[in-house]
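Asker: sequence and predicted structure, then a few things I'm wondering about:
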Amino acid sequence: MKVIVVGGGVVGTMHAWQAVERGHEVVQIEREAEARGASLRNFGQIWVSGRAGGEELDTALRARELWEGIGARVPGLGFRAIGSLTPVRGDLELAVAEAAVARPDAAARGYKLLTAEEARAVNPALRGAFDAALWCERDAAVEPRTAQVELRRALLASGRYTFLPHREVREVVGEHAVRDDHGDTHTGDAVVLCTGAWLSGLVREVAGEVPVRRVRLQMMQTAPLGEPLTTSVADADSFRYYPAYASGALEALNSGQPQDPTAAAHKMQLLMVQRLDGGLTIGDTHEYEHPFAFDTLEDPYEHLTRVVEGFLGRPLPAVRRRWAGVYAQCTDTSRVVHRQRVRDGVWLVTGPGGRGMTCSPAIAETTADELGW
């Protein structure tokens, strides 16, 4: 079988990986030299801890298993089974963490409530003041800026993979074929459109208005910390945004301890991961209303700096990069992904939202199973 994959981001690349793994030939087409969207502009977190139960958690856990296996074969991914800590302060935040640990699926997630001393033993860089921390053993990390490059290098070694950059697919031609802006037609047995947040143009022509929205976020990266940050780190505002933490305790937190005004205005939480070069990737904000602003705002960065410095108990290293990114999210946020047959032999796969980096290996595996690859 020959599979045409449109889109060079992590979802598209994982579909290419699944097809090659199953013995098929793959042509992957990307309009840039490399992916430049949400697949790079993220934390590189394999984030199991906050996922909703049922299909979403099952997908995340399967993806975590697949990431670990792929990481063993592709060391350049920088896969690290580092887990995560969410430090909490005060009784209201602590009650949400306790409710999370009491969930029936807490063991599957690797939840454990640690004292502040136990949390510092796991991550000695957390020298600031906090009362306890929610530990999630199943969380992990990869390097988002290099992951697609390293996966592609491994795919090329198979001899069954071709990558075509600088080509924008303009048209679906009949069944199983697309035409690019060079005038070339690419024909296979299946076409998978993994176009991320690009929902206009070709996607609108073949699929119409899909139940997917675009979300904008801001993030930053620092100079090296100078010491290991041995886990990823979240703050208690993440409880407000991830479905795993829904509980009466969360309702009490929301009513009794409002977010900082800046965090509330920008729908913020802290997520933080150390890169292999020692720098910290820190975010993020959420913006849903179109048209998105073209510039980045300083207030969210100042808020995140204060939160991080409170946990680290030291000044944040100098910020070296700031950026905004846009990802595609199903409007029904309980859905893991929007998978739609738009023509005979042509499927659209988009909308995993902030789950894309985490869940992409399992999303691609499901596509391959459903399509009978």
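Answerer: Received it, and whenever you're ready, just let me know what you need.
Asker: need phi/psi at V26.
Answerer: Backbone torsions of V26, given as degrees, to the nearest 10, read phi -130, psi 140.
Asker: now for it: which residues touch it?
Answerer: Contacts for V26 (Cβ atoms under 8 Å, 6 or more residues apart in numbering) come out as 2-5, 16, 19-20, 155, 160-162. In short, each C-beta sits where N, CA and C put it, glycine included.
Asker: likewise R320?
Answerer: R320 makes contact with 221-223, 279 under the criterion Cβ under 8 Å, 6+ apart.
Asker: which stretches in the stretch 151-300 of the chain count as strands?
Answerer: For the stretch 151-300 of the chain, the strands defined by DSSP state E, counting those that start in this stretch cover 161-164, 169-172, 177-180, 185-187, 190-193, 212-222, 232-234, 271-274, 280-283.
Asker: could you do the stretch 1-150 of the chain as well?
Answerer: Along the stretch 1-150 of the chain, the segments classed as strands by DSSP E, counting those that start in this stretch run 2-6, 25-29, 45-46, 84-88, 111-115, 132-136, 140-141.
Asker: name the residues that touch the last one?
Answerer: By that I understand strand 140-141. Strand 140-141 is contacted from outside by 43-46, 64, 67-68, 78-83, 232, 273, using Cβ under 8 Å, 6+ apart.
Asker: now with 10 Å, please.
Answerer: In this structure, residues lying in contact with strand 140-141 by Cβ atoms under 10 Å, 6 or more residues apart in numbering are 43-48, 63-64, 67-68, 71, 77-84, 231-232, 273-276, 281, 357-358.
Asker: hey, what's A190 bridged with?
Answerer: Here A190 shows beta-bridge partners V3, assigned using DSSP bridges.
Asker: got it, and M220?
Answerer: Applying DSSP bridges, one finds that M220 bridges with I282, R322.
Asker: count of residues packed around it?
Answerer: Neighbours of M220 under the rule other Cβ atoms under 10 Å: 21.
Asker: I'd say it and L297 touch.
Answerer: No - counting by Cβ atoms under 10 Å, M220 stays clear of L297, with 11.8 Å between them.
Asker: circling back: now the contacts of R320 in a markdown table, with distance to L57 and neighbour count?
Answerer: Output for the contacts of R320, formatted as a markdown table (distance: Cβ to Cβ, whole Å; neighbours: other Cβ atoms under 10 Å):
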| residue | distance to L57 | neighbour count |
| --- | --- | --- |
| Q221 | 29 | 19 |
| T222 | 31 | 21 |
| A223 | 36 | 15 |
| G279 | 30 | 21 |
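Asker: show me the two of those residues that sit farthest apart.
Answerer: Q221 and A223 (8.6 Å; Cβ to Cβ).
Asker: overlap of the contact sets of those two?
Answerer: The contact sets of Q221 and A223 overlap at 277, 279-280, 317, 319-321 (Cβ under 10 Å, 6+ apart).
Asker: need the residues you listed in a markdown table (columns: distance to Q259).
Answerer: Conversion of those to a markdown table gives the following (distance: Cβ to Cβ, whole Å):
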| residue | distance to Q259 |
| --- | --- |
| D277 | 32 |
| G279 | 27 |
| L280 | 22 |
| P317 | 26 |
| V319 | 23 |
| R320 | 27 |
| R321 | 26 |
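Asker: among these, who's most crowded?
Answerer: L280 (23 neighbours).
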